[in-house]
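Asks: take this sequence and fold it.
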Amino acid sequence: MSRTPDTISTLRDILTRCRTIAVVGLSPQWHRPSHFAAKYMQAHGYRVVPVNPLVAREGGHILGEVAYASVTEAAAALAAQGARIDMVDCFRRSEDIPPLADEAIAVGARCLWLQLGVFNDAAVHRAEAAGLQTVSNRCVKIEHARLFGGLGWMGVNTRVISAKRLRQLPY
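Replies: Reported below is the predicted structural model:
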């Protein structure tokens, strides 16, 4: 696949086709960005598969889903259910990405998504050479909200668009 993640049509295609997302580094703490983004995606019909070795070791759950120690372990569990991982969404440091890219390739994911501030050109090139679409330095939640009208969810009021100035402040 050619690398054109900056086009709206490519991002929209990825977010339309990839319905099962393995979120690597998903935190059980509600205030963490990974938790917020995963909860948003889950609320919009995506299946979120938590990948967090610390939580998985304790047999825990995040957002009501069983946590797994690795993408490979999560993919094996989903395969037993007749499902597959479509996207590997990485909330990890840039230097942690190469083995995650290798796992995404091995499990047959369609997309490797690196969150805001995460870059690893070697891993991205390896994933693209294996046929995966890749996105770097973008947030799944932000892109979904931007492209599918979710900006009003949790924080941005988009009910009324008006050029009229209010005569009185609403408070």
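
Asks: beta-bridge partners for the closest residue to residue 133 other than its chain neighbours, please?
Replies: Nearest residue to residue 133 in three dimensions, chain neighbours excluded: residue 111, at 4.6 Å (Cβ to Cβ, 6 or more residues apart in numbering). C-betas here are computed from N, CA, C, even on glycine. Bridge pairing for residue 111 (DSSP bridges) gives the partners residue 87, residue 133.

Asks: how close does residue 111 get to residue 148?
Replies: Distance from residue 111 to residue 148, counting by Cβ to Cβ, to the nearest Å: 16 Å.

Asks: out of those two, which sits in the more crowded spot?
Replies: More neighbours surround residue 111 than the other of residue 111 and residue 148, with 24 against 12 (other Cβ atoms under 10 Å).

Asks: mind checking pLDDT for the more buried one?
Replies: Looking at residue 111, its pLDDT reads 98.

Asks: what distance do you get for the spatially most central residue of the chain to residue 59?
Replies: The chain has residue 89 as the residue nearest its centroid, 4.0 Å off, counting by Cα atoms, centre = their mean. Per Cβ to Cβ, residue 89 is found 23 Å from residue 59.

Asks: just residue 104 next, same as before
Replies: Plainly put, residue 104 is 25 Å away from residue 59 if you go by Cβ to Cβ.

Asks: between those two, which is the more surrounded one?
Replies: residue 104 (31 against 8).

Asks: Three-state assignment for the more buried one, please.
Replies: Here residue 104 takes the helix state, with states given by DSSP: H, G, I helix; E, B strand; the rest coil.

Asks: list the contacts of residue 141.
Replies: 36-37, 40-41 (Cβ atoms under 8 Å, 6 or more residues apart in numbering).

Asks: recalculate using a threshold of 6 Å.
Replies: By Cβ atoms under 6 Å, 6 or more residues apart in numbering, the contact set of residue 141 is 37, 40.

Asks: before we move on, back to that, gap between the residue nearest to residue 133 and residue 78?
Replies: Per Cβ to Cβ, residue 111 is found 16 Å from residue 78.

Asks: okay, now residue 79: neighbour count?
Replies: If we define neighbours as other Cβ under 10 Å, then residue 79 has 13 of them.

Asks: all set, thanks.
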